[in-house]
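>>> Dropping the sequence and predicted coords here.
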Amino acid sequence: MSTQTEPAIHAHQLQFRWSKRQPTVLDIPELRIDQGERVFLFGPSGSGKTTLLNLLAGVTRPTSGQLHVMGEPMHRLSGRKRDHFRAQHIGIVFQQFNLIPYLTVTDNVRLAAHLGGKNDATCTDRIHDMLRALGLSDHHWRRPAHALSVGQQQRVAVARALINSPQLFIADEPSSALDSDHRDEFMHLMMQAADQHNSTVIFVSHDRALQSHFSRHLDLTQLQRAAVQETA
Ligand SMILES: Nc1ncnc2c1ncn2[C@@H]1O[C@H](COP(=O)(O)OP(=O)(O)OP(=O)(O)O)[C@@H](O)[C@H]1O
């Protein structure tokens, strides 16, 4: 596993395409992100931001090249090993949150703790502390996820992503459905939670107003050589 000096992310000659008949979506000669960095990733629609996050999270595997995430060679690991690594070391907030609608708020977060091997005796207390820190008070905890507002679901998704104290926290447009007041509050809470765990943060958004929360701003079109596929 990783040491303190090892980068959180190191990609070398990283390429990805969906199939042999489709054009290359990502072609990144070199990318290094150090542990603890706060990265704001942006680029036009279709430029491959979500695809890159999925590669970093091990959801998909590079077509060619090397990708090390906290020292692990993701380009060489099987799907099962990548799933295991993700559950233990990476927290993700997806665009659509992907909560399980009929499970309670607490159990949605507990499931992630279980998959990460951290559903121990202190788990319920840790979940409730996390939910409280993210602004969800106790009368929400036993509600099914489908009975929450979009903003509340986002907070559950962040709690779920952070419950295992991940070394890498990845978020794909997690604040897009919030108004500007709630967005700032949400960003503050999210960064505070990431600070507590000293996580590396990679955050994708079209909203450039949010980039002031981040120490590094990465334009995907500058980072890579593949052309953006035109959206019809
Ligand atoms: N499952 C898929 N199969 C084939 N092509 C796909 C698939 N998912 C995405 N693509 C294509 O890959 C390219 C990159 O898509 P991606 O979702 O990574 O872009 P993005 O920068 O995240 O876009 P947006 O800002 O609109 O979310 C696009 O041309 C898209 O059409």
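Good, I have the coordinates.
>>> Spatially central residue in this protein, please.
I170 (1.7 Å; Cα atoms, centre = their mean).
>>> hang on, that one is in a helix, isn't it?
No - assessed with DSSP: H, G, I helix; E, B strand; the rest coil, I170 is strand; it does not lie in a helix.
>>> and it, what is it in contact with?
L53, L56, A57, I90, G91, I92, V93, A161, V201, I202, F203 (Cβ atoms under 8 Å, 6 or more residues apart in numbering). Backbone N, C-alpha and C define where each C-beta goes, glycine included.
>>> Format those residues as CSV; extra columns: neighbour count and secondary structure.
Converted to CSV, these look like this (neighbours: other Cβ atoms under 10 Å; DSSP: H, G, I helix; E, B strand; the rest coil):
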residue, neighbour count, secondary structure
L53, 21, helix
L56, 25, helix
A57, 21, coil
I90, 24, strand
G91, 29, strand
I92, 23, strand
V93, 24, strand
A161, 25, helix
V201, 25, strand
I202, 27, strand
F203, 26, strand
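>>> For my notes, please list these in TSV and give pLDDT and distance to A145 for each entry.
Output for these, formatted as TSV (pLDDT from 0 to 100; distance: Cβ to Cβ, whole Å):
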residue	pLDDT	distance to A145
L53	96	22
L56	97	25
A57	95	21
I90	94	21
G91	92	17
I92	92	16
V93	89	14
A161	91	14
V201	95	24
I202	96	25
F203	94	22
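>>> if we can go back for a sec, and the residue nearest to the centre of the chain, bridged to which residues?
Beta bridges link I170 to I92, I202, judged by DSSP bridges.
>>> Tell me the predicted confidence for it.
The per-residue pLDDT reported for I170 equals 94.
>>> mind listing what's buried in the helix or strand of the chain with the lowest mean pLDDT?
Sorting the helices and strands of the chain by mean pLDDT, DSSP states H and E puts helix 180-197 at the bottom, at a mean of 79. Residues of helix 180-197 classed as buried by neighbour count (16 or more other Cβ atoms under 10 Å): R183, F186, M187, L189, M190, M191, A193, A194.
>>> same deal with stretch 39-50?
Quick answer for stretch 39-50 (16+ other Cβ under 10 Å): V39, F40, L41, F42, G43, S47, G48, K49.
>>> near the ligand, which of those residues show up?
Restricting those to those near the ligand by Cβ under 6 Å from any ligand atom leaves G43, S47, G48, K49.
>>> Now do the same for the second one: its pLDDT.
Model confidence at S47, expressed as pLDDT, equals 92.
>>> now do D34
So D34 comes in at 94 (pLDDT).
>>> Check T3 too.
Note for T3: predicted pLDDT of 59.
>>> residues from the protein in reach of the ligand?
So far as Cβ under 6 Å from any ligand atom goes, the chain lies against the ligand at W18, V25, G43, S45, G46, S47, G48, K49, T50, T51, Q229.
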